[in-house]
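Q: just coords:
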């Protein structure tokens, strides 16, 4: 019989519930009634006068032995204080003693339980981290260059904690890591530049590093202590996500032993709430660092994380400003020029300057214009044919084109990466940008393919034994497209579409299709109005009649109530689709509109509708514009409603509205601090019935923004959005003066 090879045991290992702790301290877990529900087996080593099994006993029975100089209910007081503040940061660590020996008590929440962890105050550290921390941070931040910042940081951390080796380890998008800075003892070989496969620090471990920012393994050779539990609680192992003593995966322990490492300490580096990397510290002998020293070291990681974010944001802002200026220039040129393609390809600033690319092609009005380093004509036509048949999205990018389009292998040196902006699918009109192949020689710390070993009849991955440099050449990939490129390309599409709509007139073949679409939409509108609304009214009527029957079960009444609610929602969607259809045909006469009055009226009504008394609204200057009052009122109503609705989950919703008056147009911005939009979904925001993945549980139909876009374009204006997931959104609407 063939043996099963399980190659996923690293990624599926439940490391947050190991059922044991490191033995340099002990753990007690109590429930909300302060009853002991779990404790580590080694508790008798620290509290020898107590029974071996403390399960089911109140913590008050144990407190006098733990802290003889403390009030009799000091643990309950600490928990109540932390619960009131929703954090135990202010009390951790609490200085106490056990039989006259100083100990730290560290408290953390673990689901319905509270972890009480006791660690020795005595440390192997010879220096006072807290005294050194100020000078250390100053030394770290002396250089603005990112590489020097990381190098300084590794050097300073080594001086503070004096481990044999301190590395700064950066994660790539695929989860593998690279040593990007190092400070070590002179007798150790350098690991600078070595790459480590993602399986070395699997996904669930990376998630824990985001939650618990420091991790100490004091001695890989000690025996761990099991956690004992009652029969009732044993079925659900104790969650040790926020534990300081949590035992380490046996796979990782063996991994460290294979490296000759006997103690390790890590500090998480966070960038925009994601794990950027680690300060990884290795010692070739056992080493224990007390909680206060670890907490001070955590501050180093937090300061470095902030510095990384500042440096990266600074670089992003420089690129953003440059690309924005280039798109603004292209927009002005398009509006002045009689030819869109001339404006985009034949001036000082071209489409090649809208993103960071080595080449670009404009496929427009049956011609192709190439800029920079691009493909031969026949290769380009084959690529466009592939885009037409295999790329359904109106915005697409990849940095490994040969992997998804085999035909690209022959021109990978020119186009291993492409970004495609669809101007018109029907007319096969595109803007395509190219990035060349970036051949990379990656040096791995040993063969990244982990060996499999037979364990209990199953082949499982085991930690590799060799860490000698193992080289691999990666080809067929370009440098990745960054967020600023993506935002700039999306904004360029808005500008090009606007310019085309201004200039197209009767020469665009789209007009006939649009006329046909309007006729079909009229027919469709009549059908849904007549054929759907009547039966829906009947369903609602029958449901309401049935709800009056008092003999029906409460569950049945609830179902009938849900039916009525769903009918109302469907009616609302039908009305919105009809409104969307009507806007396209409506004629209007422009008048001056007081935007400030409209916005104040909507804010007042929406606050009541969403019960948002805690909403903070700030208004800047709001110029008068010309347009159809009812339509523009609908624009601001939709945008303000979305801003409020999607910022409510933040707990402290804030929106800011203002307008800017420049030479040719008036631009309004509506900014919120809500859930934000994934950058990959930005191109679909204004499409009919499109709702973003992260707002599926918030009420909506996906029609409102499509209506807004249609009204704005009816007024010969533009609408676009800038957003970041978890950081909120800013919608911009511009109208010609």
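A: That came through fine. Every value quoted in this text rests on a predicted model; they were computed, and no experiment measured them. Numbers count the residues shown, from 1 in each chain.
Q: Identify the residues contacting the closest residue to residue 18 other than its chain neighbours.
A: Nearest non-adjacent residue to residue 18, counting by CB to CB, 6 or more residues apart in numbering: residue 247, 4.6 Å away. Where you see a C-beta, it was placed from the backbone N, CA and C, and this is true even at glycine. Applying CB atoms under 8 Å, 6 or more residues apart in numbering, we find residue 247 in contact with 18, 19, 20, 21, 22, 224, 240.
Q: any idea of the mean pLDDT for stretch 418-436?
A: What stretch 418-436 shows for mean pLDDT is 91.
Q: And it, what's buried?
A: 418-424, 429-436 (16 or more other CB atoms under 10 Å).
Q: and if you look at stretch 591-611?
A: Quick answer for stretch 591-611 (16+ other CB under 10 Å): 593, 595, 598, 599, 602, 603, 606.
Q: ditto for stretch 637-649
A: Buried, per 16+ other CB under 10 Å, within stretch 637-649: 637, 638, 639, 640, 641, 642, 643, 644, 645, 646, 647, 648.
Q: and if you look at stretch 73-87?
A: Buried residues in stretch 73-87, defined by neighbour count with 16+ other CB under 10 Å: 74, 75, 76, 78, 79, 82.
Q: related to what we said a few turns ago, which of the buried residues of stretch 591-611 lies at the shortest distance from residue 252?
A: Sorting the buried residues of stretch 591-611 by distance to residue 252 puts residue 606 at the head of the list, at 52.0 Å, by CB to CB.
Q: Surely that closest one touches residue 613?
A: No - using CB atoms under 8 Å, residue 606 is not in contact with residue 613; the gap is 11.7 Å.
Q: Longest helix of the chain, counting residues only.
A: helix 291-336 (DSSP state H).
Q: Give the rounded mean pLDDT of it.
A: Average pLDDT, helix 291-336: 84.
Q: other SSEs contacting the next helix-or-strand element following it?
A: For helix 291-336, the following helix or strand on the C-terminal side (DSSP states H and E) is helix 340-345. If contacts are counted by 3 or more CB pairs under 8 Å, 6 or more residues apart in numbering; DSSP states H and E, helix 340-345 sits against helix 291-336, strand 359-364, strand 367-372, helix 483-503.
Q: Report the buried residues of helix 340-345.
A: Residues of helix 340-345 classed as buried by neighbour count (16+ other CB under 10 Å): 340, 341, 343, 344, 345.
Q: can you list the residues you listed in TSV and add distance to residue 68?
A: Shown next, in TSV, are the buried residues of helix 340-345 (distance: CB to CB, whole Å):
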residue	distance to residue 68
340	84
341	85
343	83
344	80
345	83
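Q: Mind picking the one among those that's closest to residue 163?
A: Nearest to residue 163 among these, counting by CB to CB, is residue 344 at 55.9 Å.
Q: For the nearest residue to that closest one once chain neighbours are set aside, report the pLDDT, please.
A: Using CB to CB, 6+ apart and skipping the chain neighbours, the partner closest in space to residue 344 is residue 351 (5.0 Å). As predicted, residue 351 sits at a pLDDT of 93.
Q: Now do residue 351 against residue 373, distance only.
A: 14 Å (CB to CB, to the nearest Å).
Q: more neighbours, the two?
A: residue 351 (27 against 16; other CB atoms under 10 Å).
Q: Stretch 308-328: which residues count as buried?
A: Going by neighbour count (16+ other CB under 10 Å), the buried part of stretch 308-328 is 308, 319, 320, 323, 326, 327.
Q: same thing with stretch 369-382?
A: If you call a residue buried by 16+ other CB under 10 Å, then stretch 369-382 has these buried ones: 369, 370, 371, 372, 373, 374, 375, 379, 380, 382.
Q: which one among the residues you listed gets closest to residue 220?
A: residue 373 (52.1 Å).
Q: just checking, residue 498 touches residue 718?
A: Yes - contact criterion CB under 8 Å: residue 498 and residue 718 qualify, at 4.9 Å.
Q: I'd assumed residue 179 was in a helix, is it?
A: No - secondary structure of residue 179 (DSSP: H, G, I helix; E, B strand; the rest coil): strand, not part of a helix.
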